[in-house]
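Colleague: Structure for the following, please:
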Amino acid sequence: MGVGEQHMCTELKLLSVVQAGGVNVEEGGVLKSNQQSAVKIEENEDQAPSERGTWSRRLEFTLACIGYAVGLGNIWRFPYLCYRSGGGAFIIPYVVMLFLCGIPLLFLEFSIGQYMRLGPVHAMAKICPLLKGVGVATVVISFLLCSYYNVIIAWALYYLFSSFQSTLPWQNCNNTWNVPENCSSGFTGNATHLQSASQQFFDRRVLQMSGGVDQPGQIRWELLGLLILAWIIVYLCIFKGIKSTGKVVYFTAIFPYFILIALFINNVQLPGAKDGILYFLTPRWDKLLEVQVWVNAAAQIFNSIGISFGSMISMASYNKFNNNILRDTLIVTLTNSATSIFAGLVIFSAIGYMAHIHHLPVDNIATDGPGLVFVVYPEAFVTMPVSPMWAALFFFMLLCLGLDSQFAMVEVMVTSLMDGCGKQLLRVLKRKELLVLAVCLVAFLLGIPNVTQGGIFFFQLLDHHTAVVSLMFLAFFEVVAICWIFGVKRLTRIVTEMLGAPPNMFFKVCWWVISPLLVMIILISSIVQYSPARYGKTYTYPPWAEVLGWFFSLCSIIWIPLGAVHTLYYSEGTLLQRLKSSIIPLDELASMDDLPVKTLANSSQSLYPHMIPEEVPLGREDVG
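Modeller: Predicted coordinates:
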């Protein structure tokens, strides 16, 4: 969807406030408030549907956000990053960055989504027309991510179904896919010529991996079938929008915690578990003097919560106008961080047990990424009592964690399409359920290259350039657009209007100075320390694959300059006048500059005397 979608798709125009002699005039009638302002709304038959759903209960929104934030990264990324960056000492910069970056920026995204009642594309276009491309870019990056993220769910399904047998298939080297001369039933330590049985199961049975990205090979039909099943599950959970998603998250967001607790209780009773936990938590204070450790902490907070993917803005847009988003912000961020730390205890207790069994140091076994959950951790189940049960529970937990995140990423695209072209799309497709089906079908087709024999190399390339390279560019421009151009003053006013009280000084300072600077530091660090994509420790991608990877990055980043050029081209006046007008918010957001904060603090009913508590102000629901 292009940056000009508002011109192409939507005929709903919110015109500027018309004030003549203190009286606000609107064609077809007069609307008055005690601020003597009104918004003229012009509609035609192509207007997007005026009714916008809301979460049935506040808890559904909170659980959906927790489910999105608490994902696979909490299991396979944080524990490894923690022990590598100073063990227990890493908790200090992690918590500091949580409060200086994570909480303020999530509160910011919740505020924008709930107030605007729009997805990221149209919300950003109203907030800062010059950087409206940021909204399109967040939708593109989320859609690219969801196209290959479901492949991980397909792998989890493969392992889940493989766990329902008395002898786990990765338990020994006596299978048809094994290469006995270089297969080890345990961990190989420093013997580089050997592979563990679980590694060969993943490489040679699940993936049937080829020699590189230039050797795509054949489609893995089993994985393709499971990918179809994964998309069917996703569709059945979200096809009714937030009404169905809100019910599913009661299970998918909560059940993983029961499994994590059960795994922890089991693991801490195993020999060597204490050593693994101590290895994870023992502080190495000298690491706190390294700048990269602090950058890693900020990046982990940023990526884990899911800022700049557009999902949090989209989900908040379905809130009631007066929902307490500050409470939700604290619940989501603190739950996410606590889960990461607890997951580290679960993972490293098992790693310590494996190190004890195989007489290896912990750092020979610890790793991150897919290798942790599909190679290292499955090996731990082999020697556990009732191993098939624990394996099945673990991979079912991965399934739940992945589905929650997938729901939110697909919803970003659906929300943006409905906001921009809802009426036209429904005229063709008749039902919103068919639009959701079309989005899932396109994402499925884009994911097929990931389930070929060379798919793991394509997966790693896409993940590196989408979730690593592109994200920080989008995050930087989003923060600049909202915190510096839209401004903390306006942001304070919309929070005051919704919650009845302005945000405290802590949030204002973070929005104005600290959070933007932290994002800038992460971006600069990412550029300075950039390294090409790799798979494993040895495989490097050919130059043409790197070019392809940068093409994936540009698929999202390019919308930022295109959006700016589009805005300036269609503006009037000299270049300087166009620049000035392009950084002024549209419609009622611009009119807020003249309203005193004290008046707003009397609650949003002072601005909208007709508003029923917990409902949306007149006209704002029509915008959605």
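Colleague: you'd agree W512 is up against V488?
Modeller: Yes - between W512 and V488 there is a contact under Cβ atoms under 8 Å: 4.8 Å. Quick note: C-beta positions are derived from backbone N, CA and C, even for glycine.
Colleague: of the two, who's got more company?
Modeller: Higher neighbour count among W512 and V488: V488, with 19 against 16, using other Cβ atoms under 10 Å.
Colleague: gap between that one and I301?
Modeller: V488 sits 21 Å away from I301, going by Cβ to Cβ, to the nearest Å.
Colleague: top helix in this protein by residue count?
Modeller: helix 387-429 (DSSP state H).
Colleague: where exactly do the strands run in the stretch 1-150 of the chain?
Modeller: Secondary structure of the stretch 1-150 of the chain by DSSP state E, counting those that start in this stretch: the strands cover 13-14, 19-20, 23-24, 41-42.
Colleague: Helix or strand next in line after the helix or strand containing P516, which one?
Modeller: Assigned by DSSP states H and E, P516 belongs to helix 515-528. Sequence order places strand 534-535 as the next helix or strand after helix 515-528, per DSSP H and E.
Colleague: what does that following strand contact?
Modeller: Residues outside strand 534-535 that contact it (Cβ atoms under 8 Å, 6 or more residues apart in numbering) are 456-457, 460, 540-541.
Colleague: As a check, name the ranges of all strands in the stretch 351-500 of the chain.
Modeller: Going by DSSP E, counting those that start in this stretch, the stretch 351-500 of the chain shows no strands.
Colleague: Low-confidence ranges, it, go.
Modeller: For the stretch 351-500 of the chain, the stretches with pLDDT under 70 are 366-369.
Colleague: swap in the stretch 501-624 of the chain?
Modeller: 587-624.
Colleague: the strands in it, which residues?
Modeller: 534-535, 539-540.
Colleague: Including mean neighbour count and distance to F473, could the ones you listed go into TSV?
Modeller: TSV is the format used below for those (neighbours: other Cβ atoms under 10 Å; distance: least, Cβ to Cβ, whole Å):
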stretch	mean neighbour count	distance to F473
strand 534-535	15	21
strand 539-540	13	24
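Colleague: What residues does the residue nearest to F395 when sequence neighbours are not counted make contact with?
Modeller: Closest residue to F395 apart from its sequence neighbours, by Cβ to Cβ, 6 or more residues apart in numbering: L160 at 4.1 Å. Going by Cβ under 8 Å, 6+ apart, L160 touches 392, 395-396, 399.
Colleague: neighbour-wise, which of those leads?
Modeller: Result: F395 is most packed of the contacts of L160 (other Cβ under 10 Å), 24 neighbours.
Colleague: surely it meets A154?
Modeller: No - using Cβ under 8 Å, F395 makes no contact with A154, being 11.6 Å away.
Colleague: Just the C-alpha atoms of stretch 527-535, please, in PDB.
Modeller: Provided in PDB are the C-alpha atoms of stretch 527-535 (Å, rounded to 0.1, in the frame of the first residue of the first chain):
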ATOM      1  CA  ILE A 527      25.500   1.100  11.800                       C
ATOM      2  CA  VAL A 528      29.100   1.100  13.200                       C
ATOM      3  CA  GLN A 529      29.000  -2.500  14.300                       C
ATOM      4  CA  TYR A 530      27.100  -3.800  11.300                       C
ATOM      5  CA  SER A 531      28.200  -7.200  10.000                       C
ATOM      6  CA  PRO A 532      26.800  -9.100   7.100                       C
ATOM      7  CA  ALA A 533      24.300 -11.900   7.700                       C
ATOM      8  CA  ARG A 534      25.700 -15.300   8.600                       C
ATOM      9  CA  TYR A 535      24.300 -18.700   9.300                       C
END
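Colleague: Taking the centroid of the chain, which residue is nearest it?
Modeller: G306 (3.5 Å; Cα atoms, centre = their mean).
Colleague: what packs against the helix holding P516?
Modeller: On a contact count with 3 or more Cβ pairs under 8 Å, 6 or more residues apart in numbering; DSSP states H and E, helix 515-528 meets helix 103-116, helix 291-305, helix 471-479.
Colleague: please redo it, this time with the cut-off set to 6 Å
Modeller: Helix 515-528 sits against helix 291-305, helix 471-479, with contacts defined as 3 or more Cβ pairs under 6 Å, 6 or more residues apart in numbering; DSSP states H and E.
Colleague: Would you mind finding the most buried of these?
Modeller: Neighbour counts (mean count of other Cβ atoms under 10 Å) averaged over each of these peak at helix 471-479, with a mean of 24.
Colleague: who's in contact with that helix?
Modeller: Applying Cβ atoms under 6 Å, 6 or more residues apart in numbering, the contact partners of helix 471-479 are 131, 134, 137-138, 308, 516, 519, 522-523, 526, 557, 560.
Colleague: Likewise for stretch 538-549?
Modeller: Contacts for stretch 538-549 (Cβ under 6 Å, 6+ apart): 213, 461, 465, 532-534.
Colleague: As CSV, those with distance to L281 would be great.
Modeller: Formatted as CSV, the contacts of stretch 538-549 follow (distance: Cβ to Cβ, whole Å):
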residue, distance to L281
V213, 38
L461, 35
H465, 34
P532, 33
A533, 32
R534, 29
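Colleague: ok so, going back, gap between the residue nearest to F395 and N172?
Modeller: L160 is 20 Å from N172, by Cβ to Cβ.
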